[in-house]
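# below is the structure, and that's it, no one-letter string:
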Ligand code: ARG
């Protein structure tokens, strides 16, 4: 410990791990610990976290509803890019950490704390995301990561510590944890234990917010999503707040078995890991957003976006939300969305969300131009002939050289 820590703000879920951490911080640092519990739409009761923190003698207990901020300022800006990590992962955990870090820092400043602490383990991505965000926002604030510092090395040792310090252990937490879950309004992620062998099928009971597509209703459901400047704003004509809209789409998507993903991904730290994701609303929105972009974006603008997308997704995955390069790419992405407005109708059916129609007041689609019938717009078929002749010049030259 380089300097004496006076006050720590802990990202506190109220669960067993962070309760042990809370106790450990109080014992190890002998200073005041402030708890911060965020509602990101994970679906857990948050009031029990207050009672639990109070039991540990915490005087400054903060429980904050971040659902709207999460969707409006983090999820939607990311969706504008159609971000997918390694072609498939919608980044549900990755995008929540910078928001948590932002509030840890804000509370630390307000409460006059000189350190923040988190319960992310030493092998995962989340420690990197939280800490890089804190570095970028508040370079003078120290970060304490108990999982890297203490000598608790296993679940059993954690339970032992809890027992020794009279920390209540819920009966379903007595044995080994079946897996690690991270949930918010965008997704639920499940990793570890039963999933660690990628050759092994994921058991059905790990899914928590989507039905198996096989069991989804036999009748499709049709919904219309309205977009304004690249962001979804309405459902079936009804204007909704970002969090309300995503909540509703999660409901619909979950019922139709949309957005399940069983993935082996490359972690930032170097190892491969297998996880199961459920992103019902996000999956519908990503497809719908591509649908509205398909009629409103210029071709080169769209292709440029698609080129930078993997870079942008990787930045978010690697914890660089608050880095200058993410900000620069965001400016480019946001600039592209000025005319991405209109409506997309989607069919939800047995695990799939498909675009079935799209309209926009700013559409670039010209039926007159593309029609097989005679069109009124000046399009000279001979232009196509010249275009192909020029495009083919180098190919003919190359083919002759190759003796064809
Ligand atoms: N692998 C995912 C990511 O890096 C999820 C991490 C958090 N999930 C968890 N179950 N602890 O974004």
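Noted; the coordinates are in hand. Since the model is a prediction, treat every value here as computed from it, not as a measurement. Numbering: from 1, shown residues only.
# now the stretch 201-350 of the chain against the ligand: closest residue?
Relative to the ligand, the nearest point of the stretch 201-350 of the chain is residue 275 (4.9 Å; Cβ to the nearest ligand atom). The way it works is simple: take the backbone N, C-alpha and C, and place the C-beta from them, glycine included.
# each with direction, which strands does the host helix or strand of that residue pair with?
Element membership for residue 275 (DSSP states H and E) is strand 272-278. In the sheet containing strand 272-278, the strands it pairs with under DSSP bridges are strand 188-191 (antiparallel), strand 260-266 (antiparallel).
# is any residue of the first one near the ligand?
Yes - contact of strand 188-191 with the ligand is found when judged by Cβ under 6 Å from any ligand atom, involving 189-191.
# mark which of those are buried, thanks.
189-191 (16 or more other Cβ atoms under 10 Å).
# can you list the residues of strand 188-191 next to the ligand in CSV and add pLDDT?
Shown next, in CSV, are those (pLDDT from 0 to 100):
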residue, pLDDT
189, 97
190, 96
191, 95
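# how about a markdown table for those, with distance to residue 102 added?
A markdown table is the format used below for the residues of strand 188-191 next to the ligand (distance: Cβ to Cβ, whole Å):
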| residue | distance to residue 102 |
| --- | --- |
| 189 | 21 |
| 190 | 26 |
| 191 | 24 |
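# nearest to residue 377, of those?
residue 189 (49.6 Å; Cβ to Cβ).
# from what I see, that closest one and residue 274 are in contact.
No - taking contacts as Cβ atoms under 8 Å, residue 189 lies outside contact range of residue 274: 11.2 Å.
# from the residues of strand 188-191 next to the ligand, pick the one nearest residue 312.
Once Cβ to Cβ is applied, the member of these that ends up nearest residue 312 is residue 189, at 20.1 Å.
# in a strand, residue 33, correct?
Yes - the assignment for residue 33 by DSSP: H, G, I helix; E, B strand; the rest coil puts it in a strand.
# ok, it - how many residues close by?
Per other Cβ atoms under 10 Å, the neighbour tally for residue 33 reads 25.
# so it bridges to which residues?
With DSSP bridges as the rule, residue 33 is bridged to residue 8.
# what sits against it?
Counting by Cβ atoms under 8 Å, 6 or more residues apart in numbering, residue 33 makes contact with 7-10, 22, 25-26, 56, 58, 117.
# next step: those restricted to helices.
Among these, the residues falling in helices (DSSP state H) are 22, 25-26.
# can you tell me which of these is nearest residue 109?
Using Cβ to Cβ, residue 25 comes nearest to residue 109 of the ones in helices among the contacts of residue 33, at 18.9 Å.
# would you mind measuring from the nearest residue to the closest one once chain neighbours are set aside to residue 7?
Nearest non-adjacent residue to residue 25, counting by Cβ to Cβ, 6 or more residues apart in numbering: residue 33, 5.1 Å away. Distance of residue 33 to residue 7, given as Cβ to Cβ, to the nearest Å: 8 Å.
# same check, this time on residue 347
Residue 347 is 54 Å from residue 7, by Cβ to Cβ.
# what of residue 214?
Distance from residue 214 to residue 7, by Cβ to Cβ: 53 Å.
# ok, the two, which is more surrounded?
In this view residue 214 and residue 7 are compared by other Cβ under 10 Å, and residue 7 has more residues nearby, 16 against 8.
# show me which residues of this protein sit near the ligand.
93-94, 125-126, 180-182, 189-191, 275.
# lowest-confidence member of these, which is it?
Of all those, residue 180 has the smallest pLDDT value, namely 89.
# that residue against residue 192, yeah?
Yes - contact status for residue 180 versus residue 192: in contact at 4.5 Å, counting by Cβ under 8 Å.
# lowest-pLDDT helix or strand in the protein?
helix 367-370 (a mean of 86; mean pLDDT, DSSP states H and E).
# which residues touch it?
In contact with helix 367-370 (Cβ under 8 Å, 6+ apart) are residues 375-377, 379.
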